[in-house]
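>>> the amino acid sequence is not available; the structure is as follows:
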């Protein structure tokens, strides 16, 4: 298969022909994980319910990225290798899924991270200068050593995105057909920081909101139509009983938020 490689500053996207990802129906909704997005098990209570680390952690996610406080630097090369069409699951639990995205991976510097989880939050979890977007997509990858690298793509309302071939619904909240290439912004500048998973996780009584994630937040959003965004909101309603599936922003504390330099696509 002949790959087309698009390069911009320290980020590259390696793609194959029509790399659609089909997300399997009927799975992805959580099964009584002990937390939710509403009432007395919602995000406002996670710090009390799961103090380690949702409440006591110092590198929690998401965050509000204040651009005037970021550090301009040359980041390691980021390369997306999304060549293979695989059956995966739109995840509502931020958990590892079996046989997800096999063959799709990214490299950051010289480290390879396999794509194993795709999920969405409505509205966005990360904010830029206090601005919240209607949707945020998370592409979760893991290295052979177990390091997690999450790529976050913010979404604003606008024209339809061709990357959403089939959106989720309340009746099939985990069925989505993605063309991954169209879900990566053409402007490849990005923020980078060390943080956590944004939910308590599958076994929060052990360690909730574990601080194990290298975050890449794409600086510029992609667009989806209002109808497409609503499909993801309906998916959240089906699994959680609410369309609001975003954890509030957390303190930055003493972390550095890095940003890649201004550049033009090559």
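Right, received. Where do you want to start? Predicted, not measured: the structure shown is a model, and the values here were computed from it.
>>> mind listing the helices for this structure?
43-49, 226-240 (DSSP state H).
>>> highest mean neighbour count out of the ones you listed?
helix 226-240 (a mean of 20; mean count of other CB atoms under 10 Å). (C-beta placed from N, C-alpha, C; glycine too.)
>>> for that one, name the packing helices and strands.
strand 111-121, strand 148-157 (3 or more CB pairs under 8 Å, 6 or more residues apart in numbering; DSSP states H and E).
>>> measure stretch 127-144 end to end?
Using CA to CA, to the nearest Å, the end-to-end distance of stretch 127-144 comes to 30 Å.
>>> now it: how far from the chain's centre is it?
4 Å (CA atoms, centre = their mean, to the nearest Å).
>>> what of stretch 121-130?
Computed by CA atoms, centre = their mean, the chain-centroid distance of stretch 121-130 equals 11 Å.
>>> who touches it?
61-67, 132-136, 138, 152, 154-155, 198, 217, 219, 229, 232-233, 236, 243-247, 249 (CB atoms under 8 Å, 6 or more residues apart in numbering).
>>> now do the buried residues in that stretch.
121-128 (16 or more other CB atoms under 10 Å).
>>> what of stretch 181-195?
Applying 16+ other CB under 10 Å to stretch 181-195 flags 181-185, 187-193, 195 as buried.
>>> among the residues you listed, which ones are in strands?
190-193, 195 (DSSP state E).
>>> just put these in CSV and tack on distance to residue 117 and pLDDT.
Formatted as CSV, those follow (distance: CB to CB, whole Å; pLDDT from 0 to 100):
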residue, distance to residue 117, pLDDT
190, 19, 96
191, 20, 98
192, 19, 98
193, 19, 98
195, 16, 97
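>>> out of those, who's nearest residue 56?
Distance ranking of these against residue 56, using CB to CB, places residue 195 first at 14.9 Å.
>>> now the closest one: closest residue in space that isn't a chain neighbour?
Nearest residue to residue 195, sequence neighbours excluded (CB to CB, 6 or more residues apart in numbering): residue 61, at 3.5 Å.
>>> any regions of the stretch 1-150 of the chain where pLDDT drops low?
For the stretch 1-150 of the chain, residues meeting the criterion pLDDT under 70 lie at 1-28, 31-32, 83-102.
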